[in-house]
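1. requesting a structural model of the entry that follows:
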Amino acid sequence: MMQALSEKLIQKGLFNKVSLVPTGCLGPCRAGSNLLVYPGGTLYMQVGVEDLDQIIDQHLIGGEPVVEKMAPDEVWM
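-> Residues are numbered from 1 along each chain as shown. This is a model prediction of the structure:
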């Protein structure tokens, strides 16, 4: 996932504008890959490679979270 995300950030000209930091488990690890976006602290769960373009385009570029991939508050808080 990290490699795919890194490649997509490069393709979209965001590699020097976005910090990509690998971490340990953020909470819902059994639900698949997680992606935490700051500022705002939006946690995405069950993220697949097929979700990366939408998250990058809609959230990182457009500023609007991808609601259907967001972790519910009870998982995150």
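
2. may I ask which helix or strand of the chain has the lowest mean pLDDT?
-> Least confident helix or strand of the chain, by mean pLDDT, DSSP states H and E, is helix 73-76 with a mean of 66.

3. quick one: low-confidence parts of the protein?
-> 74-77 (pLDDT under 70).

4. for it, what spans make up the strands?
-> 35-37, 42-44 (DSSP state E).

5. Leu9: neighbouring residues, count only.
-> Counted with other Cβ atoms under 10 Å, residues neighbouring Leu9 total 19. Just so you know, the C-beta spots here come from the backbone N, C-alpha and C atoms, and that holds for glycine as well.

6. wait, doesn't it sit right on Ile55?
-> No - applying Cβ atoms under 8 Å as the test, Leu9 and Ile55 come out as separate, 10.9 Å apart.

7. rewinding a little: just the strands of the chain: most buried one?
-> Stretch with highest mean neighbour count among the strands of the chain: strand 42-44 (a mean of 20; mean count of other Cβ atoms under 10 Å).

8. name the helices or strands packed onto that strand?
-> Packed against strand 42-44 by the contact rule (3 or more Cβ pairs under 8 Å, 6 or more residues apart in numbering; DSSP states H and E) you find strand 35-37.

9. what residues does the strand it packs on touch?
-> The contact list for strand 35-37, computed with Cβ atoms under 8 Å, 6 or more residues apart in numbering, reads Leu5, Thr23, Leu26, Thr42, Leu43, Tyr44, Val47, Ile55, His59, Leu60, Pro65.

10. show me which pair in those is furthest apart.
-> Pairwise distances across these (Cβ to Cβ) peak at 19.4 Å, for the pair Thr23 and Pro65.

11. which one's more surrounded, those two?
-> Per other Cβ under 10 Å, whichever of Thr23 and Pro65 has more neighbours is Pro65, with 16 against 7.

12. verify the stated contact: the more buried one with His59.
-> Yes - using Cβ under 8 Å, Pro65 is in contact with His59, at 5.3 Å.
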